[in-house]
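K.L.:
I'll drop the sequence and a predicted model, then ask my questions.
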Amino acid sequence: MAQAINNWQADQKADLSEPKAKPKYISTFRALSGYMKEHRLTFAGFIACTLVAIAAELLQPYLLKIAIDDNLMVGKNDYSSLMLICGTYFALSISAFLFSYLQNNLLQKAGQSIVASIRKRLFEHITKLSMSYFDRVPSGSLITHVSSDTEAINQFFNQVVLSIFRDGLTLIFILVLMFQLDAELTLYCLILVPIIAGIAIAFRSYMRTTYQMARTRLSRLVAFVAENLAGMNIIQVFHQQEEQKKQFGERNNSYFRANIREIRTNVLFNRSYEVLNNLAIAFVVWIGGQAVLGVNGTTLEFGVLYAFITYIRLFFQPINTITQQWNTLQSATVAINRIWSIFAIEPDVQDQPKALSVDKDSIAGRIDFNDITFAYPEGTTVIRKLDLHVRPGEMVGIVGTTGAGKSSLISLLCRFYDVREGSILIDGHDIRDISQHDLHRIVGLVQQEPYLYSGTVLDNVRMFDESISREDVIRACEFIGADTIIERMKDGYDTKLSERGSGLSAGERQLISFARIIVFAPRILILDEATANLDSHTEQLVQAALERVSVGRTTLVIAHRLSTIMGADRILVMSKGKIVEEGTHDELLRLGGYYEELYRHSQGQHDAIEAG
Amino acid sequence: MDSQRILRDFFRKTWLAYVISIALHTVANIIHVNFPKVLGSFTDELKAGQLSMDGVARYSLTLLAIGVGFAAIGGVAQYLVMYTGRYFEFMNRRRLYAHFTGLGEKFYSKNGVGKLLSYFMNDVTAVRESISMGVNQTAGASILLVSTIVMLLLTDVPVYLVAACIFPLLLIPVIVVYFGPIIRARSLKVQEAIGAMTESAEEQFGGIRVTKKFAVEQTMRNRFGETVERIRERQLRLVRVSSLFQALIPFLGALSLIIAISFGGYLTITNRISLGSFVALTLYIRMLMNPLQQIGNVINVIQRARASFDRLNDLLGKQPDIREAENAVEVDFSRSGIELRRLSFAYEDGRDVLRDISLYVRPGATLGIVGRTGSGKTTLMKLLLRTYDPPEGTIFYGDTDVRSLTLANLRGGIAYVPQDGFLFSSTIRENIAFYKRDSELRDVEHAAKMAKVYDNIIEFPDKFETRLGERGVTLSGGQRQRTSLARGMIKDAPILILDDSVSAVDAVTETDIMETIREIREGKTTIIIAHRISALKHADEIVVLDEGEIVQRGTHESLLAEDGLYRTLHDIQEEGTRQHGTGN
């Protein structure tokens, strides 16, 4: 039931447009078999334990048969051999106990290790993919892959594998023992197997539909209530309680009916199974009883009949359990297909085979955009033949309307995407030749919305890289003037940030992200609207920090507010993927073009208000 | 309220079903316990060589009859209890929902949707399970246990043998009760770990840009890897105890059987009990294992359900804070002015929100209220709508205190347009016609036109029948606000309250909308709350709220002439986007 709420929450996040995949069973096993091979010893151990456990379990009725036939039936006063049987029985039950315990633990050990390594591999693979992938795929569905899909694999091991081996082997064992006891009677009993399995399978598929119906109606009910709770204020103010109660009643009622159908099917199934079980026993008693009487010429020992009755009872449980695995198997297969299709995706942006390793500190910071053209895979051209050369240490401000190509320019320099035509050089190296790791250490980026991770302030500044010392972090924070704010926090640098820093103001978060820049010291710095959305309290601190951060670095600043870039060495105005105006603040004002218009706007008139 | 009410109400309705069910359970189990006995006497007759072919057939048919009888009668009993259990859910969910509709904002501000949903789903189900399982399993198992013992004693099996054989079995419920909570606690730990991993993935994918930019992918992988490893460890911890538990139960059954074979076998050899009794004894032992395990489960479920049960009772015991007075009256809002007499208000947590507010809005006039965030504007609206109770004798419609009006009259007389533009996941038409669901399409369209959202709506393929929300279209903030405005306008109520209702709408559309409102509200009382002055400058009277007090009042022109907050706000906003954002 808690599941229903989880599902509802997951539905909110998941990408519903994702096509439903058809399970492909064979490729699934091929995919997993590689992982299973790694744990072949554990699996072998698991199978061995299962065999011993089942044998120990199933030999118990056989022992009872011996006791009845050889000891009790003949009325021999041989108590010592009865004690021997008891001793063996005890030994068997101890080993059944021990080995079924081991069997479970071994399987889980292997299964959990496989799931853990798939999870890690999947995560690693996803983090290697290019930004274009993240732009395309909502993070909600990625999260589903990492958590729910891998959980389905977990269940595959927990339930499907366990059941196939345990219940499958149990069935085989029972059959072997029965044949051992009496082949003819066993053949009669075998008639029952397809009937039992047929009924179980038929009921399962019917139950699946009723279960799904109930689940759908439940999630509808949950969604309705969740929404009504959130909008209760509106319902009350419009005095619509009665109407909403009526609508709730309809959903509640339809869920109730689905429930009733579900339990009806359930009870019916369990009971028919039970009847079938008893029918089977009556059948065995009838056939077996005749045999004991020697009607057909052969005689059967009563103990054998007794053992048969017990085995027939034991027959039903495993068949039932195995048929239950179908659902799990199906969802696991779909999950595995989805995960492997992610593994199949190659990152768009890749390192060259012989990528250049460049020492960050040897970079002066010269950037050349040589006649670059760029278009997103699905869209129109965003940047056309743009030519721009930035001197080491220069500060360049970039303004322009939404869609002018400012952010794309930045994404290209960070090599989130590759240019279509032209090239981007840093100190004369084509960025496509530099390893991505080194490039990202050379070019730093501060975004409008600083992203903080859950963890301490200290770890957020050094990005959890423990090779960076605490002192370095503190020095960086002092340098940009964030130390007073941080020291005021509850545990200073060791303050745990809740929910990605939701307790901090936008300015405080931005200061932390500036401190990161100081610690990682990239040679080229990009500020992407880093001072938008700030409260006046921290605005000055951030402004001051920004000036300090940019000292000695080639800095590109994208800004909405002209105040942040007025002092830049050069200001570019971009429009439709091109640079249309270029110069210092004063030069551009004199030019009387778009920049001047923008400046006038920012000084007054509220016509910059955008449509909601 | 009586804390046992949930159960009393329920059992008052369903006691008959339970009585029948328990009776049927009793019958079913009494039939069932005959099974080993019949097999036992079959054995005895067979051994004595008294059995004929007819006898074998008779025995088989008897066994079949017992099996079918038990399955059928027991099935009906089980169905009855499960049915009533679901009825319990149905009934109490309905009751909870009705209760939810009565609770006020004060309650909702303290309780999040997630928490309330968990009452609604998990707690109700936990109690249902304990009722259903409790009755079904306890009745089934205890009747089976008693009748087995009786049956065994009726045969020639001595009491001490029965006691010795059953003793290990009686440990089963004890073990279940002992292990149950441990397993549960460990599996909760596993769930927590999975939750932590999901959160970590969420965080990493959300911040992938930053991670990539600092080239710290490896560090982040390690961080994620830790959460994965934690799941593994906890999963294995869980398995250690759960598989121990699972192996222990059959082991106890085996111990019982060993006692039966050694002790019972000895008695059989020495001819003190018959072979048939011995066979029956072993079969009874197998038969009892399951029900005894279930009794243990029931105890665990009931223990867990108790907390849920208490929570539900607490929740249902909460009195709605807004209640109609006993002899509530109705007024004609179109002829009533709105009067605030020295209204002061503080929330429960002691925050002083409004201080000494006196106001009079004559019927048909337009009042503007302006102020910064946190100045108390919205609280004032909540009091006017009585979603919070104002102190007695402070708010009057005509000459009637708002607290002595019927809620239907009050809320029918006022149309309210909130700032957040909350819409439901139904069609646009149903959302606009929220007040009167069977409104003509013509009226709905008209309202949409007035709220300037008509053009947006007809661009959707299904137009007014377009579904919103989860599986439908997502509207932008501005579109939502305008749809919510249409929902308020279609009501055409004597009083209209706009609570910052056009804050996400662009300036041009805002002007159009305010123009329309002026036209259609001619002669009808209107209150406009806004944070942008442009939305209310045409009001007959404007009051400026600051920190819960009226600091200025007058018309747009007179207020501009004064040196005060109004002019400051005006200047800031007219200066444009620099200080005060874009209104998004």
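P.N.:
Perfect, I can see it now. Remember, it's a predicted structure, so these values are computed and weren't measured experimentally.

K.L.:
In the stretch 51-200 of chain B, what residue spans correspond to helices?
P.N.:
With DSSP state H, counting those that start in this stretch as the criterion, the stretch 51-200 of chain B has helices at B:53-102, B:105-110, B:113-118, B:124-154, B:159-206.

K.L.:
so which of these gets nearest chain A?
P.N.:
helix B:53-102 (2.2 Å; C-beta to the nearest C-beta). Heads up, the C-betas are built off the backbone N, CA and C, glycines and all.

K.L.:
Tell me how far that closest one lies from the chain's centre.
P.N.:
Averaging C-alpha positions (C-alpha atoms, centre = their mean, to the nearest Å) puts helix B:53-102 28 Å from its chain's average.

K.L.:
Mind giving me the packing neighbours of that helix?
P.N.:
helix A:192-230, helix A:232-237, helix A:241-293, helix B:5-32, helix B:34-48, helix B:124-154, helix B:275-317 (3 or more C-beta pairs under 8 Å, 6 or more residues apart in numbering or on different chains; DSSP states H and E).

K.L.:
any idea how far chain B is from A:Glu597?
P.N.:
A:Glu597 sits 14 Å away from chain B, going by C-beta to the nearest C-beta, to the nearest Å.

K.L.:
Burial check on that residue, number of neighbours?
P.N.:
10 (other C-beta atoms under 10 Å in any protein chain shown).

K.L.:
Surely it is within a helix?
P.N.:
Yes. The assignment for A:Glu597 (DSSP: H, G, I helix; E, B strand; the rest coil) places it in a helix.

K.L.:
who's in contact with it?
P.N.:
Under the criterion of C-beta atoms under 8 Å, 6 or more residues apart in numbering or on different chains, A:Glu597 has no neighbours.

K.L.:
And the closest residue to B:Phe460 other than its chain neighbours, its phi and psi?
P.N.:
Nearest non-adjacent residue to B:Phe460, counting by C-beta to C-beta, 6 or more residues apart in numbering or on different chains: B:Thr466, 4.2 Å away. When read as degrees, to the nearest 10, the backbone of B:Thr466 gives phi -60, psi 130.

K.L.:
Quick one: the helices of the stretch 51-200 of chain B as TSV, columns for mean neighbour count and distance to A:Val382 too.
P.N.:
Listed next are the helices of the stretch 51-200 of chain B as TSV, based on neighbours: other C-beta atoms under 10 Å in any protein chain shown; distance: least, C-beta to C-beta, whole Å:
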stretch	mean neighbour count	distance to A:Val382
helix B:53-102	20	50
helix B:105-110	15	46
helix B:113-118	16	41
helix B:124-154	20	53
helix B:159-206	17	24
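
K.L.:
how about JSON lines for those, with distance to B:Thr525 and mean pLDDT added?
P.N.:
What follows is these, written out as JSON lines (distance: least, C-beta to C-beta, whole Å; pLDDT from 0 to 100):
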{"stretch": "helix B:53-102", "distance to B:Thr525": "28", "mean pLDDT": "87"}
{"stretch": "helix B:105-110", "distance to B:Thr525": "23", "mean pLDDT": "78"}
{"stretch": "helix B:113-118", "distance to B:Thr525": "34", "mean pLDDT": "78"}
{"stretch": "helix B:124-154", "distance to B:Thr525": "44", "mean pLDDT": "81"}
{"stretch": "helix B:159-206", "distance to B:Thr525": "47", "mean pLDDT": "84"}
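
K.L.:
The closest residue in space to B:Arg553 that isn't next to it in sequence: what secondary structure?
P.N.:
Among residues not flanking B:Arg553 along the chain, B:Val543 sits closest, at 4.6 Å (C-beta to C-beta, 6+ apart). Three-state call for B:Val543 (three-state DSSP): strand.

K.L.:
Which residues does B:Val543 form beta bridges with?
P.N.:
B:Val543 has the following beta-bridge partners by DSSP bridges: B:Ile369, B:Arg553.

K.L.:
Distance of it relative to A:Gly87?
P.N.:
Using C-beta to C-beta, to the nearest Å, we find B:Val543 at a distance of 96 Å from A:Gly87.

K.L.:
Check what pLDDT the closest residue to chain B within the stretch 251-400 of chain A gets.
P.N.:
Nearest residue of the stretch 251-400 of chain A to chain B: A:Asn278, at 2.2 Å (C-beta to the nearest C-beta). According to the prediction, A:Asn278 has pLDDT 83.
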